[in-house]
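[1] Generate a structure from the sequence data that follows.
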Amino acid sequence: MNRKPRHLFSKEWTPLRAEIEQVCQKLSIPANDFQPLKITEWKTIDQTIAQKFFARNTCQGNWRLWDELSQESYSLLFKGDFFNHLEWLLTTTEDVYFFTGETINEQTKYWFYQGNIGPITRIIAETHNLGEYFLVSKKYDWLLCYNFYSLIGCGSIVPLMISNKEKFIL
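    Coordinates of the predicted model:
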């Protein structure tokens, strides 16, 4: 499936969303491997993630969302770029939710996507304006967060993080 052409700099596109879309086009990533969620889709997913992992009604509005995890979490420092080591934790063919935020009108706005781990790691590597970002299983049984300092996980991914910690620790 090809991507629907859009004007990347119309008023509905923020700089981060435009950059992610440009990276997808540059890398020829098809929409069935990675795509933004529609407003009719992402609001429910946002609420489910927030309630499951953050004891909130929404992820929106809060930078440093990782500070509000409601589940027990585990964090690692890592060698090099985290996204190059995802294969130690996830299969590259796994479909997940990916969300990342940017500040708009002094509030953090998170943009939600769904896609395959393989293309997501390529997008992360090529997108220069990513701040914190999150990966969440589609079954909502784990969450990973990259926050500039560390990799934070909660849920069923924690045992994998612990068993692979020597690969990540600086």
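
[2] Which pLDDT value goes with Trp13?
    Looking at Trp13, its pLDDT is 66.

[3] And Gln47, how close does it get to Phe112?
    11 Å (CB to CB, to the nearest Å). C-beta: built from backbone N, CA, C; applies to glycine.

[4] Look at those two and report which has more neighbours.
    Regarding Gln47 and Phe112, a neighbour count based on other CB atoms under 10 Å identifies Phe112 as having more, with 21 against 15.

[5] isn't that one right next to Ile45, touching?
    Yes. With contact defined as CB atoms under 8 Å, Phe112 reaches Ile45; the gap is 6.0 Å.

[6] Overlap of the contact sets of these two?
    Residues touching both Phe112 and Ile45 (CB atoms under 8 Å, 6 or more residues apart in numbering) are 37, 97.

[7] residue boundaries of the helices in this protein?
    All helices of the chain, identified by DSSP state H, fall at 15-26, 39-49, 117-126, 158-163, 165-168.

[8] just those helices: most buried one?
    helix 117-126 (a mean of 20; mean count of other CB atoms under 10 Å).

[9] Compare the mean pLDDT across the helices of the chain and name the weakest.
    Taking the mean pLDDT of those, helix 165-168 comes last: a mean of 75.

[10] CA atoms of it as CSV?
    The C-alpha trace of helix 165-168 is given here as CSV (Å, rounded to 0.1, in the frame of the first residue of the first chain):
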residue,chain,number,x,y,z
LYS,A,165,21.0,-5.9,30.9
GLU,A,166,24.7,-6.6,30.3
LYS,A,167,24.2,-5.7,26.7
PHE,A,168,22.7,-2.3,27.6
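
[11] the bottom helix or strand of the chain by mean pLDDT?
    In the chain, no helix or strand scores lower on mean pLDDT, DSSP states H and E than helix 165-168, which sits at a mean of 75.

[12] hang on, the earlier thing: so which of the helices of the chain gets nearest Lys139?
    With CB to CB as the criterion, Lys139 lies closest to helix 39-49 of the helices of the chain, at 10.8 Å.

[13] what does the closest one contact?
    By CB under 8 Å, 6+ apart, helix 39-49 touches 37, 57-60, 97, 99, 110, 112, 134, 136, 140, 143.
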